[in-house]
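Colleague: This is a predicted model, with the sequence first.
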Amino acid sequence: SQQGEEDPQALSIQEGENATMNCSYKTSINNLQWYRQNSGRGLVHLILIRSNEREKHSGRLRVTLDTSKKSSSLLITASRAADTASYFCAEGGSEKLVFGKGTKLTVNP
Amino acid sequence: NAGVMQNPRHLVRRRGQEARLRCSPMKGHSHVYWYRQLPEEGLKFMVYLQKENIIDESGMPKERFSAEFPKEGPSILRIQQVVRGDSAAYFCASSHGKLYEKLFFGSGTQLSVL
């Protein structure tokens, strides 16, 4: 299976804390993408990092990529209750995106 | 600029019936992808289509499932003779170009097979 893995599967933190989620992938990639899914909804694209980039920022999001280890991390700083959702990484290396199983993040007020 | 539109939002079928799921991509997008999601699972790729062409159907079961994206109208995912194991959320996504671009997702169709 090409499917990557997010770690941890579930994460529960207090509002204001930082949340870190990790993703390991298996294939050679052109880019690595992170998506968010609120319960019962479709996925929303958060950020894309290309294979020749090591770090990228967008607002409270910071993504790193280590192609030698085939891993990426997503950091959400100063978390809010509204950040509660599932977060998925997706490998962009072929004509289709391959998604991991996701990390379920709960931010407690 | 409407996003990706999927309908119906919920679909209930009895075993043996047919299910038709519709997807209208974002305006200007000619690439459509269908994914299936089981509870507490990630998304599993099913099929990738461009207008009038199936590009990659490697994730679609060989029997009972078919997909199309005609020149005019929405993309259709069709499941014949549904079984309980087909119960899942089916998501459609679209992109402007191809190859590694970010996807825009619809809200999904929740299929329940009784």
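Modeller: That came through fine.

Colleague: Could you use CA atoms for every contact and neighbour count after this?
Modeller: Will do.

Colleague: tally of neighbours for the single nearest residue of chain A relative to chain B?
Modeller: Chain A approaches chain B most closely through A:Lys101 (3.9 Å), counting by CA to the nearest CA. Neighbourhood size, A:Lys101 [other CA atoms under 10 Å in any protein chain shown]: 23.

Colleague: do the same with A:Ala85
Modeller: Quick note: A:Ala85 (other CA under 10 Å) scores 17 neighbours.

Colleague: Is it in contact with A:Lys104, as I believe?
Modeller: Yes: under the criterion of CA atoms under 8 Å, A:Ala85 lies in contact with A:Lys104, with a separation of 6.0 Å.

Colleague: if we can go back for a sec, who's in contact with the residue lying closest to the residue of chain A closest to chain B once chain neighbours are set aside?
Modeller: Distances taken as CA to CA, 6 or more residues apart in numbering or on different chains place B:Gly42 nearest to A:Lys101, at 3.9 Å, with adjacent residues excluded. Shown in contact with B:Gly42 (CA atoms under 8 Å, 6 or more residues apart in numbering or on different chains): A:Phe88, A:Phe99, A:Gly100, A:Lys101, A:Gly102.

Colleague: Just the buried ones among these, please.
Modeller: A:Phe88, A:Phe99, A:Gly100, A:Lys101, A:Gly102 (16 or more other CA atoms under 10 Å in any protein chain shown).

Colleague: Would you mind confirming that B:Phe45 is in contact with B:Pro61?
Modeller: No: using CA under 8 Å, B:Phe45 is not in contact with B:Pro61; the gap is 11.0 Å.

Colleague: Which one's more surrounded, the two?
Modeller: B:Phe45 (21 against 12).

Colleague: any idea of the mean pLDDT in the helix or strand where the more buried one lies?
Modeller: Element membership for B:Phe45 (DSSP states H and E) is strand B:43-50. The average pLDDT within strand B:43-50 is 93.
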